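pasting the structure only:
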């Protein structure tokens, strides 16, 4: 059973042969794991965005051109202009 396709088929067969309660528990667990991964991914994206804003603010303080800040931070030009107006 070294082949991944055969292993996946065996795992699927085992899953399908479980009773309804075991299947429900399995599906609940899968949903939990998916939700948890989504929350972690969202938190990481939020942290990256905060870091980009910090970088942009520092570059604005240094008088760097908006085009360069956009490239360095990954923020849009509109976001940079908004930061400039509010800080």
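The structure has been received and is ready for your questions. From a predicted model like this one, the values you see are computed outputs, not experimental measurements.

what's the burial count for residue 59?
Applying other CB atoms under 10 Å, we find 19 residues neighbouring residue 59. Yep, even glycine has a C-beta here, placed from its N, CA and C like the rest.

measure it to residue 71 for me?
Counting by CB to CB, to the nearest Å, the gap between residue 59 and residue 71 amounts to 10 Å.

Please apply the same query to residue 52.
When distance is defined by CB to CB, residue 52 is 12 Å away from residue 71.

Settle it for me: which of those two has more neighbours?
residue 52 (16 against 10).

Assess the claim that residue 84 and residue 60 are in contact.
Yes. With contact defined as CB atoms under 8 Å, residue 84 counts as touching residue 60 (5.7 Å).

Those two - which one has more neighbours?
Neighbour totals were compared for residue 84 and residue 60, and residue 60 leads with 16 against 13 (other CB under 10 Å).

just checking, the more buried one touches residue 85?
No. Counting by CB under 8 Å, residue 60 sits too far from residue 85 to count as a contact (10.5 Å).

right, and the helix or strand after the longest helix seen in the chain?
Longest helix in the chain, counting residues (DSSP state H): helix 20-61. Note on helix 20-61: by DSSP states H and E, the next helix or strand toward the C-terminus is helix 66-73.
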